[in-house]
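**Student:** My questions concern the predicted model and sequence given below.
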2 protein chains.
Amino acid sequence: MNAEIISVGTELLLGAVVNTDTAIVARALSELGIDLMHTCVVGDNPRRLKEAVEGAIARSGLLIMTGGLGPTTDDLTKETTAAAAGKKLVLHEESLRRIENYFNEKHVSENQAKQAWLPEGCTVLQNDNGTAPGCAFQAENGCTIIMLPGPPSELAPMLDNYAVPYLKKSQEYTIVSHNVHIYGRGEAPVAQMMDDLMDSENPTLAPYANEGECYLRVTAKAPSHEEADQMCWPLIEEIKKRLGNFVYSVDVDSLEELVVKELSAQGKTLATAESCTGGLLSKRITDVSGSSGVFHMGVVTYANEAKEALLGVPREVLEQHGAVSEQTARAMAEGIVKRGGSDLGVGITGIAGPEGGTAEKPVGLIYIALSDGRDTWITKRSPIGRTKSRAWHRHCAASQALDMVRRYLAGMPVIEP
Amino acid sequence: MNAEIISVGTELLLGAVVNTDTAIVARALSELGIDLMHTCVVGDNPRRLKEAVEGAIARSGLLIMTGGLGPTTDDLTKETTAAAAGKKLVLHEESLRRIENYFNEKHVSENQAKQAWLPEGCTVLQNDNGTAPGCAFQAENGCTIIMLPGPPSELAPMLDNYAVPYLKKSQEYTIVSHNVHIYGRGEAPVAQMMDDLMDSENPTLAPYANEGECYLRVTAKAPSHEEADQMCWPLIEEIKKRLGNFVYSVDVDSLEELVVKELSAQGKTLATAESCTGGLLSKRITDVSGSSGVFHMGVVTYANEAKEALLGVPREVLEQHGAVSEQTARAMAEGIVKRGGSDLGVGITGIAGPEGGTAEKPVGLIYIALSDGRDTWITKRSPIGRTKSRAWHRHCAASQALDMVRRYLAGMPVIEP
């Protein structure tokens, strides 16, 4: 089945908002094995919208519309699309009740009530995070049309909980995907190592890059979930064999999630001592709900005095080797283990830029130390290739620290030999 | 002039990548006063791409293409677009030299060299951050066509440094925009307060929402930069008058940037003590290059023991009022000022969720304290309305802390009366 997406909203044409809806829907379609051929954005303009919808209904088997379902007079998606598909709008009583409940009012304004008018005979997709319901129905020529609200916080759960199941019902097969997450090897070399596997048609294999990491998605289709799932695993095992310790998880989406999970499983705690990452590492760890069981404290010691006072980094080390040095990273990691009474401690110090670099210690030079109170391992990141941003250097240093913890917990060499 | 954008790349149709290019280009066009009427994404498919390009050239005065300029055989944008516009591709020697220099090689591969072939008679837009040059030229019907590379790190600077100046040359007027940044009032009430100003045509006024904040963009067009700039200021002054202390800056894009700037100007330092935000506040402060002069240390005290040991929060306070309480926030802020020897200290404690909430202390309840060593101010954030995510609660709490610091430094009431 060929699909297209039409996003509606002048704000998307002004660049004020990034169109994440399209990416969210595109990914869901890809996981369903539906080919997305075209996406477009149209402003809140009835004539242009009508043209776009008519074109899409004529050429595609599935049309997904995002945005323009709200209460204001700008919100024209339903009226325009229903008209193009030859459907009337009728009042959906249950949706009206839900809107009244949402506002805790017996009678909502006419504008709010407008949201409960939906194409006749449609399947209503309930909105658990806002007021505008979505809907799914078929145009006269058989094209399936699905309308979803614009705010990603409403669209994403409606898609997952109601629209995807609706689409699955009309499919003869089930799609199962697994993501193999990789740290320490880039997308290009990984794709090259998997070159002979890339042509596989069922399961399929596709590489994706993601902020200094990458992952391989394995997708199989079969009549049942179990069969599709089983088809994935031999390929996943082959990938793991080829990449060894560089694979950090299957289906655990981030290093921080994995590290929190493993620390919890082993009953261990971690503390952080950050300089150039300025709290980013602890922020990422505490992004994970439930991290409080394994992360009790962290310090951000930007100034040398703070490194001395909070971590006991000896003044001689700072004076002799400088704040950005292997020795300081080591003293920070060892200091935070001692101070925090944790099983593991990380120390990060470096130059995130864009200012502060010298010929000897350039922007991007970052030392990352991991200590378990007995042994300490240190990685040196050196700037290579193109100029990268402050945000990039900080993100990669935090990821590297998490990967060292991950390797330690898995009993692998902390630093790749 | 009416414009449209065509983004090229199958990866955009798979949802693996969010199409930020379109938002970047859309915003630049909006600032130039060029109306963007349509955007679309087409996969790496020559027939579909040709159709899209031909349609765009026929109906629009400006067509911007993003992506598909690279070295691989998938990269078809130039060939297809030039053919649709009736142009041949010719070798641009200087671009070839630049590609050779980029790789530090005398003879690059045929694939790499392909990037130096550009439409005859075009203006070449140099790529300072990659290999594929962009270009600008006119189709036979007068439609201006601009091609930009796909990676945002290459596209954004090429757009700013070469494409926007190219477009400005052909405009008879200059556009100047200023952003008035607001904290503490949402987009909807702000828009309502400015209702009578929204119809203004030159300068124009438009509201934008942005993660718990909003801003108003004032845009004027005039024959010279000076004239356009002067036209903005009476409107900006009127906005500031209406919003008072809720305006935090004109053209300083974030609270953290403003706070670092003001602390530097006043020679003051800030230290942070975070619980539920887990380092996000210090991360945001240290996102700002040069923050090391005003931010010497922060601590993340997730566990009660850490609050006692690092901040000297009395055990009685924790036992009597709990870690999530006004009293603990106060003790954290006052403790970090004492420990850090800083002029100002922030303490944040609360329940970010999704777990850990109770009827008495629900998810979203967060206390934020600011202390200057003499006085301490405390804000209580209570969850209202819809369910929000852990990330949202954390982000808003950090923003609120920054706003309190901002108000303190400006001599305003730290807490809006």
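**Tutor:** Received, thanks. Numbering: from 1, shown residues only, chains lettered A, B, ... in the order given.

**Student:** now the stretch 251-400 of chain A, which segments are flagged as low pLDDT?
**Tutor:** For the stretch 251-400 of chain A, the stretches flagged by pLDDT under 70 are A:384-387.

**Student:** which residue ranges form the strands in it?
**Tutor:** A:270-274, A:295-301, A:344-350, A:366-371, A:376-381 (DSSP state E, counting those that start in this stretch).

**Student:** For chain B, find the nearest of those.
**Tutor:** Ranking those by proximity to chain B (C-beta to the nearest C-beta) places strand A:295-301 first, at 3.6 Å. All C-beta atoms are positioned from the backbone trio N, CA, C, and that covers glycine.

**Student:** quick revisit: a markdown table for the strands of the stretch 251-400 of chain A, including distance to chain B?
**Tutor:** Below are the strands of the stretch 251-400 of chain A laid out as a markdown table (distance: least, C-beta to the nearest C-beta, whole Å):
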| stretch | distance to chain B |
| --- | --- |
| strand A:270-274 | 8 |
| strand A:295-301 | 4 |
| strand A:344-350 | 12 |
| strand A:366-371 | 14 |
| strand A:376-381 | 18 |
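
**Student:** Now do the contacts for the closest residue to A:Leu318 other than its chain neighbours.
**Tutor:** Once flanking residues are discounted, A:Leu318 sits nearest to A:Asn304: 5.2 Å by C-beta to C-beta, 6 or more residues apart in numbering or on different chains. By C-beta atoms under 8 Å, 6 or more residues apart in numbering or on different chains, A:Asn304 lies in contact with A:Val313, A:Leu318, A:Ala323.

**Student:** My read is that A:Glu11 contacts A:Val17, right?
**Tutor:** Yes - A:Glu11 lies in contact with A:Val17 (C-beta atoms under 8 Å); the separation is 5.0 Å.

**Student:** hang on, the earlier thing: I'd like to know how far the residue nearest to A:Leu318 sits from A:Ser325.
**Tutor:** 12 Å (C-beta to C-beta, to the nearest Å).

**Student:** about what we covered before: do you know which of the strands of the stretch 251-400 of chain A lies nearest A:Pro133?
**Tutor:** strand A:295-301 (40.2 Å; C-beta to C-beta).

**Student:** Show me what that closest one is packed up against.
**Tutor:** If you count contacts as 3 or more C-beta pairs under 8 Å, 6 or more residues apart in numbering or on different chains; DSSP states H and E, strand A:295-301 packs onto strand A:270-274, helix A:280-287, helix A:304-311, helix A:326-340, strand B:295-301, helix B:304-311.

**Student:** most tightly surrounded among the ones you listed?
**Tutor:** The highest mean neighbour count among the helices and strands packed on strand A:295-301, using mean count of other C-beta atoms under 10 Å in any protein chain shown, belongs to strand A:270-274: a mean of 31.

**Student:** mind checking how far that one is from the chain centre?
**Tutor:** Mean-position distance between strand A:270-274 and its chain equals 24 Å (C-alpha atoms, centre = their mean, to the nearest Å).

**Student:** swap in stretch A:218-235?
**Tutor:** Computed by C-alpha atoms, centre = their mean, the chain-centroid distance of stretch A:218-235 equals 23 Å.

**Student:** Check stretch A:42-61 too.
**Tutor:** 30 Å.

**Student:** For it, could you pull out the residues that count as buried?
**Tutor:** Applying a neighbour-count criterion of 16 or more other C-beta atoms under 10 Å in any protein chain shown, one finds A:42-45, A:48-50, A:52-57, A:60-61 buried in stretch A:42-61.

**Student:** Among the residues you listed, which lie within helices?
**Tutor:** Among those, the members found in helices (DSSP state H) are A:Arg48, A:Leu49, A:Lys50, A:Ala52, A:Val53, A:Glu54, A:Gly55, A:Ala56, A:Ile57.

**Student:** near chain B too, which of these?
**Tutor:** Among these, the residues within reach of chain B (C-beta under 8 Å from any C-beta of the partner chain) are A:Arg48.

**Student:** what's the lowest-pLDDT member of the ones in helices among the buried residues of stretch A:42-61?
**Tutor:** Among those, A:Arg48 carries the lowest pLDDT, at 87.

**Student:** A:Tyr302 contacts B:His296, correct?
**Tutor:** Yes - here A:Tyr302 lies in contact with B:His296, judged by C-beta under 8 Å, at a distance of 5.4 Å.

**Student:** what residues go with each domain of chain A?
**Tutor:** Structural domains assigned to chain A are A:2-169, A:174-250, A:255-409, following automatic domain parsing.

**Student:** top of the contacts of A:Asn304 by neighbour count?
**Tutor:** A:Val313 (26 neighbours; other C-beta atoms under 10 Å in any protein chain shown).

**Student:** how close does that residue sit to B:Gln192?
**Tutor:** Applying C-beta to C-beta to A:Val313 and B:Gln192 gives a distance of 54 Å.

**Student:** do A:Pro234 as well
**Tutor:** Taking C-beta to C-beta, one finds A:Pro234 at 60 Å from B:Gln192.

**Student:** Over to A:Glu110?
**Tutor:** Taken as C-beta to C-beta, the span from A:Glu110 to B:Gln192 is 19 Å.
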